[in-house]
Structure formats: structure tokens, C-alpha cells
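Student: Here is the input, now give the coordinates:
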Amino acid sequence: MTRLLNQINPFSSRHETSDNRDEEEYKLPNMVSLVIMISMNLLLQVSFFIVVSSSNKYAEYLGGNATFSGIVIGIPTAFAGLSLIPLTKYDKGMYKMPLHVSCCFAILGHVVYALAFRANFLYLILIGRCLNGVAFSMFMYCKRYCTDPRFVGARRRTTLASWLVIGQGMGMSLGPFLGGVLYNIGFSNSIFNGYTSPGWIMAAIYAGFWVLVTKYFQDIPQPPTIMELQSASDSNTPPIVSLEVEGGDAKVSPNYSSAPTTRPVTPVNESFIAQLSLITRSQWGVIVCMCWFAMLCFFILGSWEANLPVFGAAAENFHWSPFAAGNFIALGGITSFPFLLFNLLAARRTQDRKLLAFGTILGLTGLVIFLSILRTGKINYGSLFACWWTVALGFNLATTVTLSLLSKQLPPEWNSRTSMAIQYSNYAGRVTGAIWGGSGVSVGMLNFVGLEIAMVGIGAVLFTTLWRDLKTKTG
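Tutor: The predicted structure is shown next:
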């Protein structure tokens, strides 16, 4: 009888293991909390882009220039990167505290940005955007939430990342459009006018959203092992039995309340250097490749968004106002939106590396076409729009997979580190791209596009070299 049970148990165990593995790969977080995180990403995107269409005129009114306008657009990401250092130190792997910090600084930043007109002080708009930068640190937490192995399965991560990219596309469209529309309010009021209204309206929206976050967002529970150990320490209970996994075997060991350690020995608590030694050379190549593309995509998108209002105002056949520039940028985002929705469906069945290749090739096509029409001088609304549309769609699609691909390649305990690496790459691209875009007319538009094509070329070399190593699960 014992021999028969020994034969049956492994068979049953294999079935249970297979079912558990499928459940793990397709798991999702609490739906209300997920909607809040995706909505927060959308609000942050709108906050970032709503000043794009009018910041050049606002800066000029207060005594600045186009380059200063580029700095105003891009500087928040530098402060977002700096604020991540203390935030990640005290967040304890949770999400509610960063949400509160983000809402608070978003309100402060928008209010200060709006008050610059009344104070007639140029650097106040820069200070307001720097405060917004602290709020933009939440971009990293949105990405980390959608790839967190504690509650998101491997086959759900690219799909959730696609939702973030949809928010990115909506923000890129809605932000400049609202900024351009609000510019038409005029300037009869020194408090609420074409320059300041985006700040006041976004501050009010964040205040309402903060209430929803406080009431409905459910953070992840504290790890059970830590709770058990704390309970044992407080009540001086007998030893608690914990399960430690070594290799493929599990063994039972006691944890005593008098033990100096506060948590069981697991791979998560190994030293950072020891974990680094486990990463293979090919995985390091994938990390470098994804960080480069994370920086590259946001550099190009940020530079175009900052450059189009300046270029459109300077071009003889355009002479765009902030309203016209905002409409043009928004039109590119709106027309690419259906394709981003299609990407949401395609991500479930398409490998991440193929999505990255398609997006990069599409974006590069737009850059090459723009270079050719600059050389020939045949620039009109239609040709410029075709270039902007392919650039916006291509590089937005490419951003879908940078973090999700890494999260599938590396151990689960590396999710926080990979989220940080990708987000810092995004920030670097955002801030340098916005400054480069604001300076595009002064450095020459051929040089502006030429640098971007060269950067895509570097990415192509990395991509083709590591093609086999970039293969991961779909979904």
C-alpha cells in the first residue's frame, strides 16, 4: 500500500505544480488598485505634457527663451530621479506612501507654476516643475506595480505595460491639446489665464484623485513571514516553524523569538554582490540593451514634443501659436491611439523582442523621412505630420517591452532594481531630450535629426547582437 501511494503522490504533485504554475503566470492584483495605478500614470502623463504647447510663450513672457522652455519641460525628470533615492529607502516595497507623496507634490508643483505669472518671476515656473518632478517619481512605481512578481504573473506583465503605454499616448495627446485650448482663455485675469490655467486645473484634479487614493487603494499585505516573526517576538511564543527552500528541496527549521535575525534566510536577503555574480553575461547584455532603448525612446519622444512648438513657430510656412502646436502634437497622439489599443491585444501573443523591433523600425522610418524632407526643403503640414505620427507611434510601441522583458529574464527579487534602472533611463531620456528639442532650431534641424538616427543605430547594433537572448514568454 505504501509503495502504491509513493507511486501516486509524485504524479498528483506534478499536476498540482502545473496548475499552480499556470495560476502564478496569469495572476493579477486587486482590480480597483490596478485601475488607480493606471489612472495615476495617465494623470502624470497629462501633467508632463500639458505645459508643452504654451511653455515656450510663458517662458518668453517672463524673460526666458526656447532653451529655457526645454529645460522647464525636461527638468522634472531629473528631480524625479533624485527623489526616488529617499522614496525607495522608506517605501518598504509598498505603494500607498509613494502615491500620497506624488499627489501632494503634484498639487504643490502646479500651484507654484500657476503663481509665476502673478509674481512675474521666471524661475518660479522652474521651481513648480521641479516640485512636479517629485510627483513624477511615481512613474517608476507604476511600472514596478505592473511587473511586481508578488501579484502579477509573467504572462500578464507586457499586457499591463501596454496599458501604461496607452496612458502615455493619451497623455501625449490630451496634455498638449488641453494646454493649447486653455491658452485661448486669454490674459484678462492675472490669476487664471492662458498660461496659469493648466496649473490650477491639474491641481484641482489631483486633489480629487488624492481622496480616491486614500479611500480605495489597497496596498499589498506585509509578507507573512515577517508578520509571524513580529508576532512571535511580541508575545514570546514557542518557536515558529518556517519553510526554507534550498535548491529544489524544502526543509523545516525552527525560528526562535530570541533569534537576532528578524526574517528567515532566503535568496532575497543574500548580499547584492552575491546576487550580481548570478547574472550571466548574456543577461547583462539584455539589461544594457533595455536600458538603452528605455532612454532612447523617451529621448526622441521628449525632443520632438519640445521641438515641434519651437520649430512650428519659427518655420516660415507655419508660424504656429501654442494652440496650433498643441493641436498638431495631440493629433499625432490621437491618430496613433487605435494602434496602441491593437498593441494591447497583440502583446498577449507576440514576443517582446518582435514588438520592440517593429516599434523601433517604424520610428526610424519617420526620422529618415523627416531628414529627407529637411534636405529637400519640401516641408508642409502633411509631410511633417506623417513623420511625427510614425515617430510617436513607433517609439511609444517600443517602450511597451523594456521593463516587462527584463522582469521575465531576471529573478523576481530583482524587480525593484530593474524598475529603477529602466525608470532612470527613462528620466535621462526625458530631460536630455526636452533640452535637445528646445535647442533643435538653434543647433540646426539636420543635426537635431542626425543625432537621433545615430542613437537608433547604436540600439540596432545591440538589438541584433542580442536577438537570441531577448526571447521571453509572451503576454
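Student: When you work out contacts or count neighbours from here on, use the C-alpha atoms and nothing else.
Tutor: Will do.
Student: distance of the residue lying closest to Cys387 once chain neighbours are set aside from Ala392?
Tutor: Leaving out its chain neighbours, the residue that sits closest to Cys387 by Cα to Cα, 6 or more residues apart in numbering is Gly366, at 4.5 Å. Look at Gly366 and Ala392: by Cα to Cα, to the nearest Å, they are 9 Å apart.
Student: These two: which is more packed in?
Tutor: Taking neighbours as other Cα atoms under 10 Å, Gly366 and Ala392 compare with Ala392 leading, 27 against 22.
Student: in a helix, that's where the more buried one is, yeah?
Tutor: Yes: the assignment for Ala392 by DSSP: H, G, I helix; E, B strand; the rest coil puts it in a helix.
Student: Number the residues from 388 up from this point.
Tutor: Fine by me, first position is 388 from now on; the one you just mentioned is Ala779.
Student: residues contacting it?
Tutor: 688, 719-720, 723, 750 (Cα atoms under 8 Å, 6 or more residues apart in numbering).
Student: sorry, back to before: is the residue nearest to Cys774 within a helix or a strand, and which one?
Tutor: helix 739-763 (DSSP states H and E).
Student: try Gly672
Tutor: Following DSSP H and E, one finds Gly672 within helix 668-701.
Student: so what secondary structure elements neighbour that helix?
Tutor: Contact partners of helix 668-701 among helices and strands, from 3 or more Cα pairs under 8 Å, 6 or more residues apart in numbering; DSSP states H and E: helix 453-477, helix 709-733, helix 768-785, helix 789-796, helix 802-825, helix 827-830, helix 832-852.
Student: what is the orientation angle of that helix with helix 453-477?
Tutor: 150 degrees (axes from the mean of the first three to the mean of the last three Cα atoms, to 10 degrees).
Student: Would you mind giving the helices and strands packed on helix 668-701 as JSON lines with mean pLDDT added?
Tutor: Putting the helices and strands packed on helix 668-701 into JSON lines (pLDDT from 0 to 100) gives the following:
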{"stretch": "helix 453-477", "mean pLDDT": "88"}
{"stretch": "helix 709-733", "mean pLDDT": "84"}
{"stretch": "helix 768-785", "mean pLDDT": "93"}
{"stretch": "helix 789-796", "mean pLDDT": "81"}
{"stretch": "helix 802-825", "mean pLDDT": "87"}
{"stretch": "helix 827-830", "mean pLDDT": "90"}
{"stretch": "helix 832-852", "mean pLDDT": "94"}
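Student: so which of those helices comes closest to Ser426?
Tutor: With distances scored as Cα to Cα, the stretch of the helices and strands packed on helix 668-701 nearest to Ser426 is helix 709-733 (16.0 Å).
Student: Give the buried residues for that closest one.
Tutor: 709-721, 723-724, 727, 730-731, 733 (16 or more other Cα atoms under 10 Å).
Student: Could you do stretch 834-843 as well?
Tutor: So for stretch 834-843, counting by 16+ other Cα under 10 Å, buried means 835-836, 839-840, 842-843.
Student: Tyr603: neighbour count?
Tutor: By other Cα under 10 Å, 11 other residues sit near Tyr603.
Student: contacting residues for it?
Tutor: Contact analysis of Tyr603 by Cα under 8 Å, 6+ apart lists 419-420.
Student: cool, the one 3 residues further on as well?
Tutor: Contacts here follow Cα under 8 Å, 6+ apart; on that basis Asp606 touches 420, 481-483.
Student: One more: Lys795?
Tutor: Residues near Lys795 by Cα under 8 Å, 6+ apart: 541, 859-860.
Student: Spell out the residue ranges of the helices in the stretch 538-687 of the chain.
Tutor: With DSSP state H, counting those that start in this stretch as the criterion, the stretch 538-687 of the chain has helices at 544-570, 584-603, 611-622, 659-665, 668-701.
Student: ok and the helix holding Gly753 relative to helix 668-701, angle-wise?
Tutor: 30 degrees.
Student: got a list of what Met525 touches?
Tutor: With Cα under 8 Å, 6+ apart, Met525 has these contacts: 428, 485-486, 489.
Student: at 10 Å instead, please
Tutor: Shown in contact with Met525 (Cα atoms under 10 Å, 6 or more residues apart in numbering): 424, 427-428, 431, 467, 470-471, 474, 482, 485-490, 531, 810.
Student: Next up, phi/psi of Val788, please.
Tutor: Reported as degrees, to the nearest 10, the phi and psi values for Val788 are phi -110, psi -10.
Student: Give the helix, strand or coil label for the spatially most central residue of the chain.
Tutor: Of all residues in the chain, the one closest to the mean position by Cα atoms, centre = their mean is Phe526, 4.7 Å from it. Here Phe526 is recorded as helix under three-state DSSP.
Student: For the protein, name the helix or strand with the lowest mean pLDDT.
Tutor: Using mean pLDDT, DSSP states H and E, the weakest-scoring helix or strand in the chain turns out to be strand 636-642, at a mean of 40.
Student: circling back to that earlier point, and the contacts of Ala779 as a markdown table, adding distance to Tyr500?
Tutor: Output for these, formatted as a markdown table (distance: Cα to Cα, whole Å):
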| residue | distance to Tyr500 |
| --- | --- |
| Leu688 | 23 |
| Gly719 | 27 |
| Gly720 | 25 |
| Ser723 | 30 |
| Gly750 | 33 |
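Student: Mind picking the one among these that's closest to Leu502?
Tutor: Among the contacts of Ala779, Leu688 lies closest to Leu502 (Cα to Cα), at 28.5 Å.
Student: neighbours of the closest one, just the number please.
Tutor: Counted by other Cα under 10 Å, the residues lying close to Leu688 total 25.
Student: returning to that earlier point: what are the buried residues along the helix holding Gly753?
Tutor: Of all the residues in helix 739-763, those buried under the rule 16+ other Cα under 10 Å are 739-744, 746-758.
Student: Thank you kindly, that will do.
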